[in-house]
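In: Provided below for reference: sequence and predicted model.
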There are 2 protein chains.
Amino acid sequence: MTEQVILKAGRGTAIRLRAGQRLAIVNTHGTQVVDCWALNTGDHAEHMSMPHCRNQWYRLIPRPGDLLVTNLRNPILRLIADTSPGIHDTLIPCCDLTRYHQLGIKGHHASCAENFTAALRGIGTEQALAPAPLNLFMNVPLKANGALAVAPPDSKPGDQVEFEAEMDCVVVLSACPHDIFPVNGADCRPKDVAYTVR
Amino acid sequence: MTEQVILKAGRGTAIRLRAGQRLAIVNTHGTQVVDCWALNTGDHAEHMSMPHCRNQWYRLIPRPGDLLVTNLRNPILRLIADTSPGIHDTLIPCCDLTRYHQLGIKGHHASCAENFTAALRGIGTEQALAPAPLNLFMNVPLKANGALAVAPPDSKPGDQVEFEAEMDCVVVLSACPHDIFPVNGADCRPKDVAYTVR
């Protein structure tokens, strides 16, 4: 097992996994959303796909034991453990600069979309557009009238999820830099998270 | 206004719209799901995106007046009228051959994914993989425990939705060929629909 690696607040990283390896993501402070993608190592056009996952689960949110599948319906990860209350999001896209401009930010703002592209560039891959991520720990309550909201995460410090790779893949993580809505906690302050690979 | 065009059961088509043109899609028999995509004419990598639409609406399903936006968060269509009960789906991917094989079909089966690729090929564009569509009239009840189901459409014969193009775009429609679950009505029989452009 590797030592725990810190993923700094608002930053992203790309992690190569071989089939059978396990990745645990720790919500160190309990309130940080982590956008998560997975791409087939051999063909990055094949990626973990939330619509196909929902069709696989017939649920909005994965539970331990669930397979996460690609846009070609192949298993890429399996959620094997989740010590959080199990609230994650599969509905909302990653934040991007355009979204921050819509929210009133002028000029540059870090974003999960930028983190995705930069993390992949760091391992020698160009990919301008991010697929819809699995937003770990993100709390998007769905009301009876069909309305969605964004609320602070329901997780506690140290809560973690663990995945096992079902194929050789690249997992990209982004500790979401959103600091306008309470996506990353009531204090609207992005925080560090951590991960281990074994 | 063009005459009404029949889209045969289980088939697809690509329709070029200029900004400001309107497309009405008629559920002739009331129970047919129509998968709907829209691509920027000038750059097909920019396409209507259900995750970005949900972020725009803060709802799962569009209502008349709602903008449908792309993966770059630009408006591409606006839903301007809906005479159906307003039940559509933004959660489930289009059916594809792999899905039919998972459901026990041997050999070939028509699919919305194949219709998407074939319709675009018919206008000179190659695109192997379909984005997640807006599944018009598709009834995916979401239970309180988070479980999704697939139920027959709640619409009536002649119900229609109308869109206005917000940019020059190609709309692809597929009258879903699914005949295993009651996606397209309790009789599991795909049926013709129709559309007009004006």
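Out: Structure's in. What do you need? Treat the numbers as computed from the prediction; the structure is a model and nothing was measured.
In: Let me see the residues that make contact with the helix ranked longest in chain A.
Out: In chain A, assigned by DSSP state H, the helix with the most residues is helix A:112-122. The list of residues contacting helix A:112-122 from outside it, by C-beta atoms under 8 Å, 6 or more residues apart in numbering or on different chains, reads A:10-14, A:35, A:37, A:39, A:44, A:94-97, A:126-130, A:133, A:170, A:172-174, A:176-177. Heads up, the C-betas are built off the backbone N, CA and C, glycines and all.
In: switch the cut-off to 7 Å
Out: With C-beta atoms under 7 Å, 6 or more residues apart in numbering or on different chains as the test, helix A:112-122 has contacts from A:11-14, A:35, A:37, A:94-97, A:127-128, A:130, A:133, A:172, A:174, A:176.
In: What subset of those residues is buried?
Out: Buried members of these, counted by 16 or more other C-beta atoms under 10 Å in any protein chain shown: A:11-14, A:35, A:37, A:94-97, A:127, A:130, A:133, A:172, A:174, A:176.
In: Name the residues of chain A found near chain B, please.
Out: Residues of chain A lying close to chain B by C-beta under 7 Å from any C-beta of the partner chain are A:49, A:51-52, A:54-55, A:58-61, A:71-73, A:91-93, A:98-99, A:129, A:132, A:146-148.
In: What residues of stretch A:176-195 count as buried?
Out: Buried, per 16+ other C-beta under 10 Å, within stretch A:176-195: A:176-179, A:182-185, A:190-195.
In: wait, which of those residues is closest to A:G104?
Out: A:D179 (12.3 Å; C-beta to C-beta).
In: In this structure that closest one contacts A:K191, no?
Out: No: at 10.6 Å, A:D179 does not count as touching A:K191 under the criterion of C-beta atoms under 7 Å.
In: For chain A, which segments count as helices?
Out: Under DSSP H, chain A gives helices at A:50-57, A:97-102, A:112-122.
In: The ones you listed into TSV, with extra columns for distance to B:A24 and mean pLDDT?
Out: Converted to TSV, these look like this (distance: least, C-beta to C-beta, whole Å; pLDDT from 0 to 100):
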stretch	distance to B:A24	mean pLDDT
helix A:50-57	26	98
helix A:97-102	30	98
helix A:112-122	35	98
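In: Show me the one of those helices that comes nearest A:P85.
Out: Going by C-beta to C-beta, the one of the helices of chain A nearest A:P85 is helix A:50-57, 17.5 Å.
In: Give me the residues contacting that closest one.
Out: By C-beta under 7 Å, 6+ apart, the residues outside helix A:50-57 that reach it are A:60, A:62, A:66-71, A:73, A:90, A:132, A:134, B:91-93, B:132, B:148.
In: same question, stretch A:151-159
Out: By C-beta under 7 Å, 6+ apart, stretch A:151-159 touches A:26-31, A:33, A:83-85, A:87, A:137-139, A:141, A:182, A:185-186.
In: 8 Å instead, please
Out: If you take C-beta under 8 Å, 6+ apart as the criterion, stretch A:151-159 is touched by A:26-33, A:83-85, A:87, A:137-141, A:182-186.
In: Now which of those would you call buried?
Out: Looks like the contacts of stretch A:151-159 have A:26-33, A:83-84, A:87, A:137-140, A:182-185 buried, using 16+ other C-beta under 10 Å.
In: which residues touch A:V197?
Out: A:1-2, A:15, A:17, A:21-23.
In: how close does it get to chain B?
Out: As judged by C-beta to the nearest C-beta, to the nearest Å, A:V197 and chain B stand 28 Å apart.
In: Now for the nearest residue to A:N71 once chain neighbours are set aside: which residues touch it?
Out: Leaving aside its sequence neighbours, A:N71 sits nearest to A:S49 (C-beta to C-beta, 6 or more residues apart in numbering or on different chains; 4.1 Å). With contact set as C-beta under 8 Å, 6+ apart, A:S49 has these partners: A:69-71, A:131-132, B:93, B:132.
In: what about A:H108, neighbour count?
Out: Counted with other C-beta atoms under 10 Å in any protein chain shown, the neighbours of A:H108 add up to 9.
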